[in-house]
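1. kindly generate the corresponding structure for this input.
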Amino acid sequence: MIPKLLILMVSFFVLSLTGCSDRNKNTSKILLWVNGDEITTRQLDAELVRSSSAPGSNPEDPPNIRKQALEGLVDRKILLQEAKRKKMDRDPKVIQLIEIYKTYAIVQAYLETLAGTTGSPSQKNVGDYIHGNEKLFLRRKMLDINQLSIASREFSSQLKAVMDAGKSLDEVEAWLIGRKIAYVRIAASYDSADLPDDVFSQLQNIGTNHLFVIEEGDRDLLSVVTNMADGTLRSVQQNLQIERFLMDKKMQEVAAIEIARLRLLAKIEYVEKSDSGHIEGELHPVMRNKL
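-> Alright, predicted model coming up:
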């Protein structure tokens, strides 16, 4: 298996290849030099688009986001230069991986061209997705919970009475300390979108600053929700994320249909029959759904 570091370095090579043509140098403003190698506005814009922070050429990008992206380019440039100094770009494994990434980039560009002919998701598409996933968007909450984890056998009627009468988890903690009951204090944050509906509903009913117990195997978690804040994304940020998600979904659909079409036209000859994934009498799933 190829080390993750090697794959990371290959991504640096690929990124450097995408922004260093002579044409780009002539049409893009130079932002800075790193050991004699330039970093341009075109590379920064591409980085912003790649990281999905914002449209790359948008002058209203928050300065901190553009600064972070620029510093990220500097970091990768330094690593790339060091990797080349150590001749990693001549490693056969790296060369092979570059070819793989190059193929992927070309295929991705082709699929984006096909998907682009159908247009971007409309505001109606975005709105329908939001209302169909209210838990993720309209009713999203961020919860902060403090807990004292104890062995279930230690949860007695006396402790229950303390929980019922107690005003804070600190009082319960003091009671445990006084009786030398072992516990582990835990502080955790949860996104309501990641919680089962029934659990989130119960936590909403309990509200903040009310003590309750969660049974977890042979442990009891003496708990309190300390904060339940609105986790809804800002409208613009939310819509951008949904548009990207819907575009990715459309790309997958376009890819499946195009692959099915091209497979019908292609002459594919397996040297070894065992390498073929074809099953006699079975249609490609995309095409079968169309019949």
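
2. the stretch 101-250 of the chain: strands as residue ranges?
-> Under the criterion DSSP state E, counting those that start in this stretch, the stretch 101-250 of the chain contains strands at 141-151, 184-191, 211-216, 219-230.

3. tell me which of the ones you listed lies nearest to residue 76.
-> Set against residue 76 and scored by Cβ to Cβ, those come closest in strand 184-191, at 30.5 Å. Using the backbone N, CA and C atoms, a C-beta is placed for each residue, glycine as well.

4. pairing partners for the closest one, with directions?
-> Here strand 184-191 is paired, per DSSP bridges, with strand 141-151 (antiparallel).

5. give me the low-pLDDT residue ranges for the stretch 151-291 of the chain?
-> 231-238, 274-291 (pLDDT under 70).

6. what about 90?
-> In the predicted model of the stretch 151-291 of the chain, residues 163-168, 188-209, 214-217, 227-254, 268-291 satisfy pLDDT under 90.

7. where are the low-confidence patches of the stretch 1-150 of the chain?
-> 1-28, 44-69, 108-109, 111-143.

8. go with 70
-> Applying pLDDT under 70 to the stretch 1-150 of the chain flags the ranges 1-27, 52-63, 117-119, 130, 134-139.

9. ranges for the helices of it?
-> Secondary structure of the stretch 1-150 of the chain (DSSP state H, counting those that start in this stretch): helices located at 4-18, 22-27, 41-50, 63-85, 92-116, 123-132.

10. cool, and the stretch 151-291 of the chain?
-> 157-165, 169-178, 197-206, 235-265, 285-290.

11. out of the ones you listed, which comes closest to residue 44?
-> Using Cβ to Cβ, those put helix 235-265 closest to residue 44, at 18.9 Å.

12. now that closest one: buried residues?
-> Within helix 235-265, the residues scored as buried using 16 or more other Cβ atoms under 10 Å are 238-240, 242-243, 246-247, 250-251, 254-255, 260.

13. likewise for stretch 179-186?
-> 181, 183.

14. list of residues touching that stretch?
-> With Cβ atoms under 8 Å, 6 or more residues apart in numbering as the test, stretch 179-186 has contacts from 146-151, 154, 173, 176, 221-222.

15. and stretch 94-107, how far out from the chain's middle?
-> Relative to the centre of its chain, stretch 94-107 is centred 23 Å away, using Cα atoms, centre = their mean, to the nearest Å.
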